Structures are given as C-alpha cells and as structure tokens.
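# quick one, what's the 3D model for this:
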Amino acid sequence: MSTFTCLAIELKSCKANPIRPTVIPGSTIATLDLNMWVIFCRRSSNNQNFEFRYGRYFRGIFDSPTVLFQDRTPRPRINWDGYQSVNEAPKLEKMDASSGWVKRYAQAAVNRISREHPVNYSWQDDLVKEIIKIAREKGITGE
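Now for the predicted structure:
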C-alpha cells in the first residue's frame, strides 16, 4: 500500500523558443517554498507538441551574476533545463530556505553597474547607481 502526502505543486507553462533557453518569470521568493515540487510544461508554438519536466522549485532557478530583480519581491526566473525529464527518478535533496537570496540580488545589482559583465540596460541599473550615490552623500554605510 502506498502512502501519499498532500503537497503544494506549482504548475508552469511556456512556449518553446528555438533561439534562447526556456526561461520564464518565477514565483515570489519571499513567500516561496524553494523545496516545493514543480511540474513544468513546454509547448510548441503551434500547440501541437508538449514536453514535461519536474523537480523541486530551486533546481530550476536561473541565477546569474547580473540577474535583475522584478517589479516587486524578487521572482527568480525558472530555467527548463534545471528540471528532470519524466523518465528520471526524483531528486529528493532539499535546499536550505535561508540561502541568502537578498545578498545574491544585491551582488547582482552591483555587478550590473560595475561593467565587469556584459548586460543589456535596465532601469534598475540607474536605480542602483542612484541608491549608491545618495548613500555616499549621506555617509550611510549600511552598518
């Protein structure tokens, strides 16, 4: 006899893009259970073909040294390639919920304006520059 546990499962859907990796906006990280299971469906442009992947939410988080924060609480982008195909056994490892996402987003913001990494312009770049400028003028060190 099998025992089932009721879990929250988030369903994601997107269209396949032959030019870029499949990445879509994710869920709000402040209230997100990074260990929640996700079922991800990718469909062809003509809606004739469907592919499925699954895994714990954190496996697909698209992280880069210049990731943008979203228009509200950060919503990490989700990367199709981070998830398992339906033919693979589940990877059961969990992630520590206090994984320092605020620090990662702050470092990514600084990386974007440092010109050490190639990035496309975002209004957030100007916001970060202005925050740094105002903090320096006021002698704020963040301590």
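
# near Val67, how many other residues are there?
20 (other CB atoms under 10 Å). C-beta: built from backbone N, CA, C; applies to glycine.

# name the element the closest residue to it other than its chain neighbours belongs to?
Closest residue in space to Val67, ignoring its immediate chain neighbours: Ala108 at 4.6 Å, by CB to CB, 6 or more residues apart in numbering. For Ala108, the host element (DSSP states H and E) is helix 101-114.

# just the buried positions in that helix, please.
For helix 101-114, a neighbour-count test (16 or more other CB atoms under 10 Å) marks Trp101, Arg104, Tyr105, Ala108, Ala109, Asn111, Arg112, Ile113 as buried.

# now Gly142, nearest residue through space, not along the chain?
Nearest one to Gly142, counting by CB to CB, 6+ apart, is Ala135 at 7.3 Å.

# gap between the two ends of stretch 115-124?
Stretch 115-124 stretches 14 Å from its first residue to its last (CA to CA, to the nearest Å).

# ugh, wrong one, stretch 91-107
Taking CA to CA, stretch 91-107 runs 29 Å from one end to the other.

# list the contacts of that stretch.
With CB atoms under 8 Å, 6 or more residues apart in numbering as the test, stretch 91-107 has contacts from 29, 33-35, 55-56, 58-59, 63, 65, 67, 69, 74, 76, 84.
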